[in-house]
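Chemist: how would this look folded up:
(one chain, ligands or ions: 2)
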Amino acid sequence: MSGQVEIFEVGPRDGLQNEKREIPVAEKIALVDCLSRAGFSRIEVASFVSPKWVPQMAGSAEVLAGIARKPGVRYAALTPNMRGYDDARAAGADEIAIFASASEGFSKANINATIAESIERFKPILKAARHIDLPVRGYISCVTDCPFDGPTPPEQVAELADILFSQGCYEISLGDTIGRATPDKIARMLMAVRNRVPVGRLAGHYHDTAGHAIANIDASLSLGVRVFDAAVGGLGGCPYAPGASGNVATERVAAHLERLGYDTGLDLDVLNEAAAMAKAMRVAA
Ligand code: HMG
Ligand code: MG
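Modeler: Ligands and ions are numbered 1, 2, ... in the order given. Below you'll find the model as predicted:
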C-alpha cells in the first residue's frame, strides 16, 4: 500500500485531560515542542472548557502562549461554546474543534446539552469562525457505542456528520469514545457516514480500551479514511465516559502505517522521544 496517511496528534488535549495529577504547564509545553519536532501538521494542545468540568485543561492559554510554534503546524483547541471560542481566539489557536455526541446520554454527561441543543450552541461558533476563515473541526463521540445508551445506530452518526459538515466543519472526526468498537461496527458506521460526507473529510478517532483500535484503523483504511487521531504514549480517556481508556498510541499507529507502506511524514525517533516523555508524565501521576 502506498500514499499518505496523516496522524492528528491529540495527546496534549485528549491525552492529558484525564490525568489526575495537576501537570505543570512547563511539562505540557515541553511535550508539545517535542511533538512539533516530530513532524505533525496538526496538534491539539488546548481545551477552553469549564475548569470545573475538566480542571486539567485550565492552563490552556498558557500552553498556547509558551510553545515554540513551528511554521506549518496548526495548533488546535476544543471550544464547547462562545466563551471557549473567544478564549481560544485570544490565546491564538490556529484551529478550533466543536464536539458533539451521536448519543443523547453522552451528550448530556459531557456538555450538559441534548444533541439538538448542542447543534444550536455550535452555530454562533461556526458563524464567527467562518467570518475570519478559522478552520473548525467537528468531533462526533460514541459513533458505535455509548456508555449510557448502548449501541449507536450508524444512521444517527451519519445524520449528525451531515449537519456538522454542511454547517462548515472542514473535517469530521469519528470517535469511538469508550474504545469498544470492532472493525465490523466501524465499517457499518463508516459506510453510512460516507453516503453523506466525502470520505476525504473524515477522520477516525479510536480509543483503545478493548485493544481493537489498530484493527479499526485497518477497517477504516480499507474504506478510504486517511486521517487518524492518536495520542502519544497512549495517554488519555474522557473524564465523562466511564470506562474510556487512552487513545490509540501515536507511535504504534505510525509504526503500523509505515509497515503497511504508507507515508506519515513523521520522524519516528523524535516521536519515540515524545512517547517516553508522555509516559513519564503519567508515571509521575
Ligand atoms: P454547564 O455547567 O452546563 O454550563 O457546562 P454553564 O454555562 O452553567 O457553566 C458552568 C460554569 O462554567 C460557569 O462558571 C461558567 O462561567 C463556566 P460559574 O458561574 O459556575 O463560576 N464556563 C466556562 N469556563 C471556562 N470556559 C468555558 C466556559 N463555559 C462555561 N468555555 C459546558 C457546559 C459545556 C461549559 C461544560 O459542560 C463543559 O465545559 N464541558 C466540557 C467537557 C469536556 O471537556 N469533556 C472532554 C472533551 S470531549 C472528549 O474528550 C471526546 C473527544 O475526544 C472525542 C471522543 O473521544 O469521542 C473530543
Ligand atoms: Mg477522545
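Chemist: what residues does the stretch 151-285 of the chain put near ligand 1?
Modeler: 175, 177, 205, 238, 240 (CB under 6 Å from any ligand atom). Every residue, glycine included, has its C-beta placed from N, CA and C.
Chemist: Show me the beta-bridge partners of the residue of the stretch 151-285 of the chain at minimum distance from ligand 1.
Modeler: Nearest residue of the stretch 151-285 of the chain to ligand 1 (CB to the nearest ligand atom) works out as G175 at 2.5 Å. Beta-bridge partners for G175, by DSSP bridges, are H205.
Chemist: about what we covered before: by pLDDT, give me the weakest of the residues of the stretch 151-285 of the chain next to ligand 1.
Modeler: Within those, pLDDT reaches its minimum at C238, with 70.
Chemist: Compute the number of surrounding residues for it.
Modeler: 24 (other CB atoms under 10 Å).
Chemist: so who does it touch?
Modeler: Neighbour list for C238: 14, 17-18, 110, 141, 177, 207, 244 [criterion: CB atoms under 8 Å, 6 or more residues apart in numbering].
Chemist: Using pLDDT, spot the least trustworthy of those residues.
Modeler: Lowest pLDDT of these: A244, 67.
Chemist: Can you list phi and psi of V73 for me?
Modeler: The phi/psi pair for V73 (degrees, to the nearest 10) reads phi -100, psi 130.
Chemist: Not counting sequence-adjacent ones, nearest residue to it?
Modeler: S36 (5.5 Å; CB to CB, 6 or more residues apart in numbering).
Chemist: Determine the next helix or strand in the C-terminal direction from the helix or strand hosting that neighbour.
Modeler: Following DSSP states H and E, one finds S36 within helix 25-38. Sequence order places strand 42-47 as the next helix or strand after helix 25-38, per DSSP H and E.
Chemist: CA atoms only for that following strand, dumped as CSV, please.
Modeler: Only the C-alpha atoms of strand 42-47 are listed here, as CSV (Å, rounded to 0.1, in the frame of the first residue of the first chain):
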residue,chain,number,x,y,z
ARG,A,42,-1.9,19.4,13.3
ILE,A,43,-1.6,19.1,17.1
GLU,A,44,-4.5,19.5,19.6
VAL,A,45,-2.9,21.3,22.5
ALA,A,46,-5.7,23.1,24.4
SER,A,47,-9.3,22.9,25.5
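Chemist: Touching it from outside, list them.
Modeler: Contacts of strand 42-47 (CB under 8 Å, 6+ apart): 6, 8-10, 12-14, 17, 28, 32, 35-36, 54, 57, 60-61, 63-64, 67, 73-78, 88, 91, 93, 95, 97.
Chemist: So which of those are in helices?
Modeler: 28, 32, 35-36, 60-61, 63-64, 88, 91 (DSSP state H).
Chemist: will you turn those into CSV that also has pLDDT, neighbour count and distance to I163?
Modeler: Below are those laid out as CSV (pLDDT from 0 to 100; neighbours: other CB atoms under 10 Å; distance: CB to CB, whole Å):
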residue, pLDDT, neighbour count, distance to I163
K28, 97, 24, 33
V32, 98, 28, 32
L35, 98, 28, 32
S36, 98, 22, 33
S60, 98, 27, 27
A61, 98, 18, 30
V63, 98, 24, 31
L64, 98, 23, 29
A88, 98, 27, 22
A91, 98, 18, 28
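Chemist: Give me the distance between stretch 189-202 and the centre of its chain.
Modeler: For stretch 189-202, the separation from the chain centroid amounts to 17 Å (computed by CA atoms, centre = their mean, to the nearest Å).
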